[in-house]
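1. Let me see the structure of the following:
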Amino acid sequence: MGKTKAHDFGIIKGNPFKITFRQHFLPNGLMRHFLTKENKIYRVVKPDAHVELIKYERNDDYAISLRAWNTRMEDIFTAIETEFYTVRESVASGVDHLSKDDCIAISNFLASWKVRSNYLHSSRKVHRINGIPEPQIPPAIISEWIAKTGQREADIPQYIREHLEKRGSRLSWPTLEDHEVNSHKVWCDYECARLGLKNIRWVVHRLSDLEIALPDVPAFHFVPINL
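-> Alright, predicted model coming up:
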């Protein structure tokens with residue numbers, strides 16, 4: 001069986017740097033194992049607990065945030081999901097023993113699931129840093145980027161910003177975008193949650209009949225695998 005990888009479905013078509021704008025706080029790779037044969041999923045609408053059967057769309061707003069964290073954090077979450085899917089496939093194939101590495105993969109996945117929902121509603125606001133001037137981009141660089149991307153001159157600073165983000169760096173801008181601030185917060189949240197779960201020894205339970213929901217914030221110490 002080939003190793004299942006978490007895929008980044010949030011990339012906007014045409015973005016040259018493949019920056020992720022639609023980010024899952026409910027992991028896509030987990031949700032699709034709870035679909036009906038008609039590719040539908042039950043959704044519980046809070047607070048009245050209304051249940052509806054809807055067509056599953058991986059980029060629908062019940063599962064994603066828009067630009068909640070940066071590309072580095074998206075890559076980290078994708079790697080965490082990929083490791084968990086390896087364990088999921090093993091358990092789904094009938095394996096009941098979980099190794100120490102399996103338990104770490106499960107704990108890391110649950111920690112990432114717990115913290116992402118804190119950033120369900122990204123404000124997209126800009127945070128200004130006093131005392132830092134606007135960077136002066138040389139006209140020759142602007143012209144080069146216009147020729148390379150075909151974009152308007154006014155859009156070039158944002159393209160340069162995304163280009164640097166993809167490489168894990170940034171210019172000394174006088175502002176921080178909300179997803180940049182969130183990225184530091186979500187990393188700290190994740191590390192705190194991960195440390196709280198790191199010593200858990202997970203075991204496999206196979207149930208014949210159980211109704212469960214995948215909550216925004218999992219308040220439990222079990223991780224559903226599939227139906």
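
2. Which helix runs longest in this structure?
-> Assignment by DSSP state H gives helix 71-92 as the longest helix of the chain.

3. which strands and helices sit next to that helix?
-> helix 100-116, helix 156-166, helix 178-197 (3 or more C-beta pairs under 8 Å, 6 or more residues apart in numbering; DSSP states H and E). Every C-beta, even on glycine, is put in place using the N, C-alpha and C of the backbone.

4. Mean neighbour count, those: which tops it?
-> helix 100-116 (a mean of 21; mean count of other C-beta atoms under 10 Å).

5. my read: Ile19 touches Glu165, true?
-> Yes: applying C-beta atoms under 8 Å as the test, Ile19 and Glu165 come out as touching, 6.8 Å apart.

6. anything in contact with each of those two?
-> Thr71 (C-beta atoms under 8 Å, 6 or more residues apart in numbering).

7. quick check: mean pLDDT across stretch 161-180?
-> Stretch 161-180 shows a mean pLDDT of 72.

8. got it, and stretch 72-82?
-> 88.

9. For it, could you pull out the residues that count as buried?
-> For stretch 72-82, burial by neighbour count (16 or more other C-beta atoms under 10 Å) applies to 73-74, 76-78, 80-82.

10. which outside residues touch stretch 115-131?
-> Against stretch 115-131 from outside (C-beta under 8 Å, 6+ apart): 23-26, 65-69, 77, 173-179, 181-182, 185-186, 189-190, 193, 216-217.

11. and with 7 Å instead?
-> Stretch 115-131 is contacted by residues 25, 65-69, 174-179, 181-182, 186, 189-190, 193, 216-217 when judged by C-beta atoms under 7 Å, 6 or more residues apart in numbering.
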